[in-house]
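Novice: how does the following fold in three dimensions:
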Amino acid sequence: MPELDFQFKDIMQMEHPELILKKARPFMDLMMEYQCALMEVETKLNVLNEEFAAKYQRNPFESIKSRIKEPLSIINKMKRKGFELSVESMEKNLFDIAGIRVICSFCDDIYAIASMLTGQDDIILVDVKDYIKNPKPNGYRSLHLILDIPIFLSSGKKHMKVEVQFRTIAMDFWASLEHKVKYKKDVEHSEEIVAELKECADVISAMDCRMQEIRNKIEGKA
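Specialist: Residues are numbered from 1 along each chain as shown. Below is the predicted model:
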């Protein structure tokens, strides 16, 4: 079973580059498959965006950002969770290796696009975590979906897991700043900063609601 955490010293001791490639090949192949899964989901989202633009003269989301989790981050999470360090275990146990973040202008658009995406007959909704309706204690807000999506390779169809996060512009702005503060070492007055961030999250939530109300008035929905 291929191990993920081989050391650089072990690689340097290998006499032939072919041995390095042989050991890394299962991991590289899996990363390629996750990249294909990301492409599939991004295409679906872009199609929905184009349809909205044609029908309603507006785009439901501002941007899409995608990423594959870094190998070291994968290994650290596997160790932290107590999973076996193998390619098979990684694919079985980690559902956020391939991730897409969709940034929307309004909360209503988040739920509309999420519903349209998960309603497609080739997508299986594996899990939902709604941190918009139920924010985390620190104020974090986002809608997280785990999707099972098929990709079509030369060897046949394979199902892959992709995590999709939906946020408003304001939610994403807050999360970006919170992440920077959270991972900065030796921060003074950390408890005070945490409290201020939570207060900012509440203000941002109120602003999102107010902007939604303004749009509803403009569209005659209020």
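Novice: distance between the ends of stretch 148-164?
Specialist: End-to-end distance for stretch 148-164: 11 Å, by CA to CA, to the nearest Å.
Novice: got a list of contacts for it?
Specialist: 33-34, 36-38, 40-41, 95-102, 114, 117, 122-126, 144-147 (CB atoms under 8 Å, 6 or more residues apart in numbering). In short, each C-beta sits where N, CA and C put it, glycine included.
Novice: for the strand or helix carrying residue 211, buried residues please.
Specialist: Using DSSP states H and E, residue 211 maps to helix 190-218. The neighbour-count check on helix 190-218 (16 or more other CB atoms under 10 Å) flags 194, 197-198, 200-201, 204-205, 208, 211-212, 215 as buried.
Novice: of these, the lowest pLDDT goes to which?
Specialist: Minimum pLDDT across the buried residues of helix 190-218 is recorded for residue 194, with 81.
Novice: how near is the closest residue to that one other than its chain neighbours to residue 112?
Specialist: Closest residue in space to residue 194, ignoring its immediate chain neighbours: residue 138 at 6.7 Å, by CB to CB, 6 or more residues apart in numbering. Residue 138 sits 27 Å away from residue 112, going by CB to CB, to the nearest Å.
Novice: where does pLDDT dip in the chain?
Specialist: Counting by pLDDT under 70, the chain shows low-confidence ranges at 1-23, 183-189, 222.
Novice: would you map the strands across it?
Specialist: Remark: strands assigned in the chain by DSSP state E are 61-68, 98-104, 124-130, 143-153, 156-168.
Novice: list the neighbouring strands of the second one plus their orientation.
Specialist: Pairing partners of strand 98-104, with direction, according to DSSP bridges: strand 61-68 (antiparallel), strand 156-168 (parallel).
Novice: run through who's touching the first one.
Specialist: Going back to what we said before, that points to strand 61-68. 31, 34-35, 38, 42, 45-46, 49, 97-105, 109, 113, 169.
Novice: quick one: buried residues of the helix of greatest length in the chain?
Specialist: In the chain, assigned by DSSP state H, the helix with the most residues is helix 17-56. By neighbour count on 16+ other CB under 10 Å, the buried set for helix 17-56 is 23-24, 26-27, 30-31, 33-34, 36-38, 40-42, 44-45, 48-49, 52.
Novice: that helix: how far from the chain's middle?
Specialist: Computed by CA atoms, centre = their mean, to the nearest Å, the chain-centroid distance of helix 17-56 equals 13 Å.
Novice: one more: stretch 159-173?
Specialist: Per CA atoms, centre = their mean, the centroid offset for stretch 159-173 relative to its chain is 5 Å.
Novice: if we can go back for a sec, what angle do strand 98-104 and the helix holding residue 211 make with each other?
Specialist: Counting by axes from the mean of the first three to the mean of the last three CA atoms, to 10 degrees, helix 190-218 lies at 60 degrees to strand 98-104.
Novice: helices or strands up against helix 190-218?
Specialist: Other elements packing on helix 190-218 under the criterion 3 or more CB pairs under 8 Å, 6 or more residues apart in numbering; DSSP states H and E are helix 107-118, helix 169-182.
Novice: could you rerun that using 10 Å?
Specialist: Applying 3 or more CB pairs under 10 Å, 6 or more residues apart in numbering; DSSP states H and E, one finds that helix 190-218 makes contact with helix 107-118, strand 156-168, helix 169-182.
Novice: re the thing from before, higher neighbour count, residue 138 and residue 112?
Specialist: residue 112 (15 against 12; other CB atoms under 10 Å).
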